[in-house]
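S.K.: A structural model of the following input is requested.
(2 chains)
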Amino acid sequence: KQEVTQIPAALSVPEGENLVLNCSFTDSAIYNLQWFRQDPGKGLTSLLLIQSSQREQTSGRLNASLDKSSGRSTLYIAASQPGDSATYLCAVTRRGGSEKLVFGKGTKLTVNP
Amino acid sequence: DTEVTQTPKHLVMGMTNKKSLKCEQHMGHRAMYWYKQKAKKPPELMFVYSYEKLSINESVPSRFSPECPNSSLLNLHLHALQPEDSALYLCASSQGVTPSSNEQFFGPGTRLTVL
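M.R.: Predicted structure coming up:
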């Protein structure tokens, strides 16, 4: 059974700092991994999707990496801003069920001005 | 249009009521999803529709009844709910369900409270 873990559960940083969020998964047989952002009481916003054949994806200040063999992904946020405060979720789609996302519990990020 | 919309934003209902949640997308996506999210938990998949056919039902109680009238619309009919069904209900869509087309885009959700 695929399990996804995100560490830390919460993170508080001062504005301007570069930071890394971690995601690990137990079964390396994945199709892809998706990072989402969720503001309190709101829906999920897709940030980046990495296919299993890719090593990284970049969008603006965000960079996501994938090491499938070790079951790890990181989301790097450069020059953090208070507007980045949210919960960040990673999710994988496993082989044999690419329509099913398996989510981690998320990292709650607070960026202090 | 790159948006998934959901109505209503908030819904309060009694245990004997019948209500419906609605979801719409105009991105030409052929897969649509219902998720349930409790506070401080990740979303849990309920149903998946692919090309307007139900492809996954995650053992959801029959008091939740999904419907996909066409490729742009997804409904969730609610009847005889329990207070523990109170949650944020999220709709999502993707181009398809294959690995190259399954990036999911979510709506803002409907906050449901069952009294």
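S.K.: name the nearest residue to A:Thr93, sequence neighbours excluded.
M.R.: Distance criterion Cβ to Cβ, 6 or more residues apart in numbering or on different chains; nearest residue to A:Thr93, sequence neighbours excluded, is A:Tyr31 at 4.6 Å. Every residue, glycine included, has its C-beta placed from N, CA and C.
S.K.: B:Tyr35 too?
M.R.: Per Cβ to Cβ, 6+ apart, closest to B:Tyr35 is B:Pro43, 3.9 Å.
S.K.: list the contacts for the one you found?
M.R.: Contacts for B:Pro43 were tallied using Cβ atoms under 8 Å, 6 or more residues apart in numbering or on different chains; they are A:44, A:101, A:103, B:35-37, B:90.
S.K.: for the residue most central in space within chain B, give me phi and psi.
M.R.: For chain B, B:Trp34 is the residue whose C-alpha lies nearest the centre (Cα atoms, centre = their mean; 2.8 Å). B:Trp34 adopts backbone torsions of phi -120, psi 130, taken as degrees, to the nearest 10.
S.K.: ok, A:Thr87 next?
M.R.: phi -100, psi 130.
S.K.: touching, it and A:Leu109? I think so.
M.R.: Yes - between A:Thr87 and A:Leu109 there is a contact under Cβ atoms under 8 Å: 7.3 Å.
S.K.: contacting residues around the lowest-mean-pLDDT helix or strand in chain A?
M.R.: Lowest on mean pLDDT, DSSP states H and E among the helices and strands of chain A sits strand A:97-103, with a mean of 81. Residues from elsewhere that reach strand A:97-103 (Cβ under 8 Å, 6+ apart): A:2-4, A:25, A:31-32, A:34, A:89-94, B:31, B:33, B:42-43, B:45, B:48, B:50, B:55-56, B:94, B:97-99, B:102, B:104.
S.K.: ok, back up a step: who's in contact with the residue nearest to the centre of chain B?
M.R.: For B:Trp34, the contact set (Cβ under 8 Å, 6+ apart) comprises B:23, B:45-47, B:66, B:74, B:76, B:89-91.
S.K.: and residue 55, how many neighbours?
M.R.: Because you didn't say which chain, this covers chain A. Using other Cβ atoms under 10 Å in any protein chain shown as the criterion, A:Arg55 is surrounded by 10 other residues.
S.K.: sorry, should have said chain B
M.R.: Using other Cβ under 10 Å, B:Ser55 has 12 neighbouring residues.
S.K.: what helix or strand does the closest residue to it other than its chain neighbours sit in?
M.R.: Nearest residue to B:Ser55 in three dimensions, chain neighbours excluded: B:Val48, at 5.0 Å (Cβ to Cβ, 6+ apart). Assigned by DSSP states H and E, B:Val48 falls within strand B:44-50.
S.K.: sketch out the low-pLDDT regions of chain B for me.
M.R.: By pLDDT under 70, the weakly predicted segments of chain B are B:1-2.
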